[in-house]
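Participant: Okay, sequence plus prediction incoming.
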Amino acid sequence: MRAAELQLSVALDAATSLEAAAPPPPKIRVERLVKRFGTFAAVDGISVDIAPGEFFVIVGPSGCGKTTLLRILAGLEEPTSGTIAIAPNDAGRPTNSMVFQGDSIFPWMSVYDNAAYGLAMRRRSKAEIAERVRPLLETTGLWRFRDRYPHQLSGGMRQRVSICRAFANDPDILLMDEPFSALDEQNKMLLHQELLRIWEETKKTVVFITHSVDEAVTLSDRIMVMTAHPGRSKAILDNPFGRPRDVVALRGDPVYGAFVFRIWEYLREEVRAAKLQEQEEGEA
Ligand SMILES: Nc1ncnc2c1ncn2[C@@H]1O[C@H](COP(=O)(O)OP(=O)(O)OP(=O)(O)O)[C@@H](O)[C@H]1O
């Protein structure tokens, strides 16, 4: 091969490998998003790309606009300005499912029917519903409670049902608004492990909101720290932990404490600012 040909071939190889290394187009693109309620800016100029299959966690002090951002992603609120773009999915599947704080399952339906709700609404066959719902109820230890009603379950079990319902729905994106905040530590850890197991199998794109730095580190691929009012993106951090994760072993890793500390460095002054704002509002 002549020198010029060799150069060209090297250049082509480099271009091919660059192409191979290019990140996939984002599943969710948020650009300069602003949401005002009257003159009050709840979200103020957030831009972020979230990759397909990413577990993206948003952490921030009380009142910083986390839920507002999630509600805009869910299509429940209109932005005042800026845009969100969600890459299209296959027809016949919902774009998103939301899991709320506390449980939001129907008290008059059994565990099984609650988990099957989204699929039944989309008129899926009984066989298809069973095929999707049973493995989820089994993974979360709910299969033997499938005929029980919500009042016969603990808070942790009810929240498991909400998660099964969201995954059974087979949405492209899961939007989770502090789903475990009402649970005790032990139940929370169990659910973290179960959520990670289901997510690793399905690789849904997840946007998850929390006040808890530990929860953010346990679950995320990346973490966005938001400022106190007005809600902006202060930092976006890559989680150093790989997958799969053992949620208990993770806490014994020396990197865990260092990463938690790093996030707190960003968060500390925002939590203080939010507290001050709360006090000032109380005095006004
Ligand atoms: N519909 C609304 N009308 C007026 N103000 C609103 C409305 N919804 C939210 N807000 C205000 O916008 C700000 C952000 O609210 P949001 O619920 O998004 O915060 P958050 O970060 O989720 O809070 P928390 O962590 O306490 O749940 C708050 O000051 C809230 O009072």
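Facilitator: Yes, it's here.
Participant: Show me what from the chain comes close to the ligand.
Facilitator: Contact residues (Cβ under 6 Å from any ligand atom) of the chain with the ligand: 37, 40, 42, 60, 62-68. Placement of C-beta: from N, CA and C, glycine included.
Participant: Weed out the non-buried ones from those residues.
Facilitator: Among these, the ones that count as buried by 16 or more other Cβ atoms under 10 Å are 42, 60, 63-68.
Participant: from these, which is closest to N239?
Facilitator: Nearest to N239 out of those is G60 (Cβ to Cβ; 16.7 Å).
Participant: where do the strands sit along the chain?
Facilitator: Counting by DSSP state E, the segments of the chain that form strands are 28-37, 40-50, 55-59, 81-86, 96-99, 173-177, 205-210, 222-226, 233-238.
Participant: Please enumerate residues in contact with the last one?
Facilitator: Right, strand 233-238. Here strand 233-238 makes contact (Cβ atoms under 8 Å, 6 or more residues apart in numbering) with 46-48, 221-227, 259, 262-263, 266, 270.
Participant: For the stretch 51-200 of the chain, give me the ranges with low pLDDT.
Facilitator: 91, 102-103 (pLDDT under 70).
Participant: what angle sits between the top helix by length along the chain and strand 222-226?
Facilitator: If you go by DSSP state H, the chain has its longest helix at helix 254-283. Following axes from the mean of the first three to the mean of the last three Cα atoms, to 10 degrees, one obtains 20 degrees for the angle between helix 254-283 and strand 222-226.
Participant: Tell me, how many residues neighbour the closest residue to R93 other than its chain neighbours?
Facilitator: Nearest residue to R93, sequence neighbours excluded (Cβ to Cβ, 6 or more residues apart in numbering): D170, at 5.4 Å. Number of residues near D170 (other Cβ atoms under 10 Å) recorded here: 19.
Participant: Which residues are in contact with D170?
Facilitator: D170 neighbours (Cβ under 8 Å, 6+ apart): 93-94, 132.
Participant: Between those, which sits nearest the ligand?
Facilitator: Distances from the ligand to these, taken as Cβ to the nearest ligand atom, are shortest for P94 (22.9 Å).
Participant: wait, doesn't that closest one sit right on F167?
Facilitator: No - with contacts counted by Cβ atoms under 8 Å, P94 stays clear of F167, the gap being 11.7 Å.
Participant: Look up phi and psi at R243.
Facilitator: phi -130, psi 160 (degrees, to the nearest 10).
Participant: May I have the residues that are in contact with it?
Facilitator: Neighbour list for R243: 196, 200 [criterion: Cβ under 8 Å, 6+ apart].
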